[in-house]
Structures are given as C-alpha cells and as structure tokens.
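Asks: Sequence plus the predicted model coming up.
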Amino acid sequence: MLDVMFLALALSMDAFAVSIGLGSKLGTQTNKPMSLAIKAGVYFGVAQAVMPFIGFLGGQGVLGWVEDYAPYIAFVLLLFIGGKMIYESFVEGIEEDFCQITHRVMLTLAIATSIDAMAAGFSLPLLGVNPFIACALIGIVTFAFSFLGVFIGRKSGTWLESKAELLGGVVLIIIAFKFLLV
C-alpha cells in the first residue's frame, strides 16, 4: 500500500503544479479563492481517480498476453511519464495560456494532467492492490494537493510550480526502477 501512496503523491504533482499556476494567476484579484480551490480539487481529483482505473482495466486485458514482460512495460511507462514530468518542470505551464478559468478550461486541464495517470494505471495489477482503493486514494490525494495548490500559488506565485512537477517525475522514476528489482 505504501507503493500506492507514493504513486498517488507522484501523480498528483502535475495537478498540484497546475493548481499553483492557477492560484498565482488568480493572485490577489479576489477575496474568494475557495471557489477555485474546490473546483480544482474536484476536477483534478476525479480525473486522477478515473484515468488510472481506465489504465488498470486496459492493463488487466493485456496482462494475460504480456505477463512475463509486464514489469518491463510498467518500467518503460513510468520512466517515460516521470521523464516527461521532469521535462515539463523546466518549461512554461499550460495554465498560462488561459485568460479565464471556466469549467471548460478546468475540464481541459484535468484531462491534460491525468492522461499520464491512465498509463500509470497499467501498473496497478503489478502492485497487487485493490484498484478501487488505489484509484480512490489517488483521487483523494490529488484533491487535497490541488485544493492546497490554489492557495499556495495565490500566496507564493509560480516558484513552487516547477519543483512539484520535478518531484513527481523523480518519484515516478524511482517507482519504475522498483519494478525492475521485483
């Protein structure tokens, strides 16, 4: 279960980084950042819970065919996702491109930040955990980080944004190497 917690933390870092960016964009323009924080938590939390489950279902269907190679496939997927997160920590965030934070924008950001979680969901059968509990934990952790990210971004600006993505990428790469050792 500790592996799932680390996976949840790592996957939530994308949404956390975007939430920091959204909070910094909000800045001190309004006295009511709670609405945006709840919106970010719900959108990102639900997307991050659903996408790994879709990946899990896909992984279950394929696992019988590639069972002997599954740890290597999980390694490559998580290594790729972690590397992508590290790369993205050095480039400008996508939330900078949006003028207004609407429900459509939030849905777009939620899907964009959770595509990686779908690929990571492939590794859930290898962790030997209940996928419902794992996906719920991923969603709850992402909700909490996204909710807090808005407030952190509002107070600190974007300096923490890239560090969150970098940390998430490093954790995913560590989990990837763990699959090779098992």
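Replies: In hand now; what should we look at?
Asks: quick one: low-confidence ranges for the chain?
Replies: 27-31, 62-64, 66-67, 92-100, 157-159, 161, 182 (pLDDT under 70).
Asks: Can you name the next helix or strand after the helix or strand where A119 lies?
Replies: Using DSSP states H and E, A119 sits within helix 103-121. With elements assigned by DSSP H and E, the helix or strand that comes after helix 103-121 is helix 124-127.
Asks: Buried residues of the next helix or strand after that following helix, list them for me.
Replies: Sequence-wise, the next helix or strand beyond helix 124-127 is helix 131-156, with elements assigned using DSSP H and E. Within helix 131-156, the residues scored as buried using 16 or more other C-beta atoms under 10 Å are 131, 134-135, 137-143, 145-154. From N, CA and C alone the C-beta is placed, and that goes for glycine too.
Asks: what comes up buried for the helix holding A119?
Replies: V105, M106, L109, A110, T113, S114, D116, A117, M118, A119, A120, G121.
Asks: same check, this time on stretch 34-49
Replies: Buried, per 16+ other C-beta under 10 Å, within stretch 34-49: L36, A37, K39, A40, G41, V42, Y43, F44, G45, A47, Q48, A49.
Asks: quick one: which of these is nearest to V76?
Replies: When these are compared for distance to V76 (C-beta to C-beta), Q48 wins out at 21.3 Å.
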